[in-house]
Structures are given as C-alpha cells and as structure tokens.
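Asks: okay, here's the prediction I keep looking at, along with the sequence it came from:
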Amino acid sequence: MKKQKPAASKGFSPFKESKGSSFKLNDNADRKRETGDKPARPARGNQQAGGNKRAAKRDEDNSSFHGNFSDRKDKRPARETPSGFNRQKFFDRANERFADKQARKTERKQFKQEQESLGGKPERKAKHNAPPAESEGMPLNKYIAHCGLCSRRKAVDLIKEGKVTVNGKPVLEPAFKVTGKDAVKVANKAVSLQKNLVYILLNKPKGYITTTDDPEGRQTVMELIADATNERVFPVGRLDRNTSGLLLLTNDGELAQKLAHPRHNIKKIYHVGLDKALTKADFEQILSGVTLEDGVALVDALGYVDSKDRTQIGIEIHSGKNRIVRRIFEHLGYNVEKLDRVMYAGLTKKNVNRGKWRLLSEKEVIILKHFK
C-alpha cells in the first residue's frame with residue numbers, strides 16, 4: 001500500500017480544483033443547456049492545458065462579467081462595458097440637447113412677446129394656456145420687473161409707496177394691468193420693457209457695498225462693472241461690505257425674483273475663516289441647527305476645508321436671511337475673519353479673478369432659469 005503525500009505537498013488550493021469553483025460549474029452548465037452537448041471528459045497533460053485556454057477564451061467572449069477576478073487562473077485585464085458606453089459623454093449630450101431645446105423655446109416665447117408688445121399678431125395661434133394677450137396686459141409689478149428696474153417684490157413696495165404712475169395717474173395696486181402702450185413712470189422716470197437682457201457674474205472684493213447707489217459716497221459694486229454694459233442692471237441678493245465672492249447682476253427682473261425668493265431654496269456655498277478652531281461639539285450643533293433671535297438657522301452641509309487647519313470651514317446653506325453665516329458662528333463665540341462665497345446657484349468663481357467679472361453664456365442662463 002502506497003503512502004499518500006500530504007495535501008500541502010500537492011500545492012492544494014480549493015480555488016484551483018474544478019469541483020470547488022462554482023463559477024466554472026455554472027459556465028459549463030450554461031453551455032450544456034445552450035448546445036445540448038454532453039460534457040466532455042477532462043483531457044490530460046498538454047491537451048488539458050489547451051482545453052483550458054479555449055475554455056478561457058469562450059468565457060471571455062460569452063461572460064457578462066467584465067471585472068478583474070483575482071481567483072481566476074488566467075489574469076486577463078479588466079474590460080469596459082461591451083457596448084463602449086460612455087456615461088459622462090451621454091449625460092453631457094443630453095444636457096446640451098435640453099439646453100438647445102430650452103433656448104429655442106425661450107426664443108419663440110420672446111418673439112411672441114415682442115410681437116404682442118408692438119401690437120402685432122404672433123405668427124402662430126395662441127394655445128389655451130398661452131400668456132395674456134396684449135389687450136389684457138400684465139400686472140404692474142411684473143411690468144416694472146420686466147423693465148429691468150428691480151425685482152417684482154421690490155416693485156410691489158415702490159407701487160405701495162406711491163412712486164409709480166400710469167398715464168400720469170398714481171397707482172397703488174400691484175395687480176393693476178398695463179400694456180406696452182401705457183406710459184409708466186417710477187419716481188418720475190419713464191420706464192419701458194427691457195429687451196436686451198444682461199447677466200453679469202462678479203467676483204466681489206471686500207470693501208464694496210452691494211447697492212446701485214450709496215448716499216454716503218462709499219464704493220459700490222456698480223463701479224466694478226462700469227464698462228460691462230450700458231444697460232441698467234441691479235444686484236441679485238446682497239453681500240456684506242466685508243464679504244467677498246460671487247455676485248450676480250442683471251436686468252432680468254423675473255430671474256432675480258426667482259433667485260431671491262426663499263421658496264426656491266437657491267444653494268450657496270461659503271468659505272469661512274474663523275479666529276479659532278471649530279470644536280466637534282459646535283460642529284455638531286451647527287448641523288443640528290442653531291437657534292438665533294429670528295428662528296432656527298439650518299445648514300445643508302458643513303465640513304473642514306483643511307483637516308489640519310480647523311479654522312477653515314466650508315458651509316452650504318440656502319437661507320437668504322441677513323448675515324446668516326456670520327450670525328451662526330458669532331452665536332457660538334467665534335469671530336469670522338474671512339467670508340467668501342465660492343458658489344451661487346450652481347455658478348463658480350472659475351476664470352473670474354477677484355474684482356473681475358464676466359458675462360454668462362447662453363447655456364448658463366438657460367440652466368440658471370431652470371435651476372432647482
């Protein structure tokens with residue numbers, strides 16, 4: 001009776017035995033069901049090695065698994081999906097098609113509005129859900145916003161303060177209907193529907209006031225964009241004098257209304273520099289909500305910009321309350337030494353240096369108007 005060698009001397013491994021590999025058994029069973037052939041007896045020596053190569057090739061051609069399996073004998077490289085599908089390229093093309101579709105839709109709508117404002121008839125018949133005809137007009141506050149003077153909310157305040165006249169008569173009702181034929185004046189200045197819409201993205205430096213005019217004679221953001229356009233534009237929202245970062249200026253009152261209204265929850269990201277490291281307890285308290293004098297301040301995200309320097313904080317928030325970021329940290333005993341808005345409604349500071357500006361592209365404007 002021959003003495004059997006121990007399993008270790010044979011180089012035993014359960015992953016190398018055909019009976020221990022369920023992956024191979026499943027492949028063989030699938031091939032038997034597809035072809036109806038009886039399983040062939042395993043070959044020996046060189047024939048077995050050749051058979052393994054052919055089986056590996058069939059596996060490579062037929063298998064739907066394209067990863068790098070470490071327990072396989074053949075170390076074939078990882079494969080991409082068989083169809084060559086590029087996920088990023090697909091979504092980029094889908095976004096471009098959506099932007100082009102929205103651009104065509106916007107152009108048709110603007111053309112129709114221009115035809116109506118000139119008293120002519122649009123080329124296509126109005127649908128049942130079309131905007132009001134020229135004879136019906138539009139609300140006075142919306143008309144003023146479309147003139148590029150201010151947002152609709154601000155226009156309501158101007159109307160109620162008695163600063164708006166229509167055809168020489170004061171109007172105190174924001175819903176009063178006007179048309180392009182009416183003579184509308186705001187603070188004794190005639191206004192008309194704005195057709196050349198401008199969108200300016202400014203990287204505001206510290207020391208400038210976010211307003212169109214300052215009675216104290218301080219520097220305003222309008223000085224930084226003096227050569228950007230001849231149109232009358234106004235800032236959307238505001239940044240404190242000592243706060244830097246992104247600021248949008250436009251004469252599109254409807255867009256300004258959307259971005260400024262709390263209902264739309266426009267996201268903003270700030271880079272905050274504190275006078276001391278933010279503790280873990282305060283970090284957790286900010287995430288759970290800080291109770292201020294005007295209610296609970298909630299943030300969407302919070303994190304350390306540099307893990308080695310815990311005075312540098314990144315905070316994402318959608319609240320539009322005045323000085324909300326500064327008040328959150330000051331409430332917990334921190335002094336904000338630096339506050340910079342690095343993202344606003346999906347727009348970033350890329351290619352816009354401090355104190356400089358650029359015009360938004362057509363695609364950016366479309367995305368901004370449909371931003372959610």
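Replies: Yep, it's here. Numbering: from 1, shown residues only.

Asks: that's a strand at Lys321, yeah?
Replies: No - counting by DSSP: H, G, I helix; E, B strand; the rest coil, Lys321 falls outside a strand, being coil.

Asks: find me the pLDDT at it, would you?
Replies: What the model reports for Lys321 is a pLDDT of 83.

Asks: please apply the same query to the one 5 residues further on.
Replies: In this model, Arg326 is scored at 94, pLDDT.

Asks: next: the one 5 residues further on.
Replies: As summarised for this prediction, His331 has a pLDDT of 94.

Asks: now swap in Pro205 and tell me
Replies: Reported pLDDT for Pro205: 95.

Asks: list phi and psi for it.
Replies: phi -90, psi 170 (degrees, to the nearest 10).

Asks: identify the residues contacting it.
Replies: For Pro205, the contacting residues are 224, 244, 354-355, by C-beta atoms under 8 Å, 6 or more residues apart in numbering. Any C-beta I mention is one placed from the backbone N, CA and C, and that applies to glycine too.

Asks: just the pLDDT at Ala43, thanks.
Replies: Looking at Ala43, its pLDDT is 50.

Asks: what's the farthest-apart pair in the contacts of Pro205?
Replies: Leu224 and Ser244 (11.8 Å; C-beta to C-beta).

Asks: please enumerate the shared neighbours of the two.
Replies: 204-205.

Asks: which among the contacts of Pro205 count as buried?
Replies: Neighbour counting over the contacts of Pro205 (16 or more other C-beta atoms under 10 Å) leaves 224, 244 as the buried ones.

Asks: which of the contacts of Pro205 fall in helices?
Replies: Using DSSP state H, the subset of those located in helices is empty.

Asks: what about stretch 197-216, how long is it end to end?
Replies: 30 Å (C-alpha to C-alpha, to the nearest Å).

Asks: closest to Gln115 among the contacts of Pro205?
Replies: Leu224 (37.0 Å).

Asks: isn't that closest one right up against Lys204?
Replies: Yes - if you go by C-beta atoms under 8 Å, Leu224 and Lys204 touch, sitting 7.3 Å apart.

Asks: overlap of the contact sets of these two?
Replies: Shared contacts of Leu224 and Lys204, counting by C-beta under 8 Å, 6+ apart, come down to Gly355.

Asks: who touches Ala183 in this structure?
Replies: Applying C-beta under 8 Å, 6+ apart, the residues contacting Ala183 are 166-168, 190.

Asks: from those residues, which would you call buried?
Replies: Val166.

Asks: just the helices in the stretch 51-200 of the chain please.
Replies: In the stretch 51-200 of the chain, helices defined by DSSP state H, counting those that start in this stretch lie at 87-117, 140-146, 152-160, listed in chain order.

Asks: which among those is found nearest to Gly273?
Replies: Per C-beta to C-beta, nearest to Gly273 of those: helix 152-160, 32.4 Å.

Asks: any residues touching the closest one, and which ones?
Replies: Contacts of helix 152-160 (C-beta under 8 Å, 6+ apart): 140-142, 144-145, 149-150, 164, 171-174, 186-187, 253-254, 257, 260-261.

Asks: can you turn the buried part of these into a PyMOL selection?
Replies: What follows is the PyMOL syntax selecting those of the contacts of helix 152-160 that are buried according to 16+ other C-beta under 10 Å:
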select buried, resi 140+141+142+144+145+149+150+164+171+174+186+253+257+260
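
Asks: so of the contacts of helix 152-160, which ones are in strands?
Replies: 164, 186 (DSSP state E).

Asks: number of nearby residues for Lys163?
Replies: Residues lying near Lys163 (other C-beta atoms under 10 Å) number 15.

Asks: contacts only, for it.
Replies: So Lys163 contacts 186-187 (C-beta under 8 Å, 6+ apart).

Asks: what does Asp300 give?
Replies: 267, 316-318.

Asks: ok, Leu202 next?
Replies: Contacts of Leu202 by C-beta under 8 Å, 6+ apart are 221, 224-225, 246-249, 352, 356-357.

Asks: in which helix or strand does it reside?
Replies: Leu202 belongs to strand 199-204 when elements are defined using DSSP states H and E.

Asks: for the stretch 51-200 of the chain, give me the ranges with low pLDDT.
Replies: Judged against pLDDT under 70, the low-scoring parts of the stretch 51-200 of the chain cover residues 51-90, 119-136, 148, 194-195.

Asks: if we go to 90?
Replies: Residue ranges of the stretch 51-200 of the chain with pLDDT under 90: 51-139, 141-157, 174-175, 178-183, 187-197.

Asks: start to end distance for stretch 239-253?
Replies: 19 Å.

Asks: list the buried residues for that stretch?
Replies: Applying 16+ other C-beta under 10 Å to stretch 239-253 flags 239, 243-253 as buried.

Asks: count of neighbours near Ile225?
Replies: There are 19 residues near Ile225, going by other C-beta under 10 Å.

Asks: hmm, I typed the wrong one, I wanted Lys154.
Replies: For Lys154, using other C-beta under 10 Å, the count is 18.
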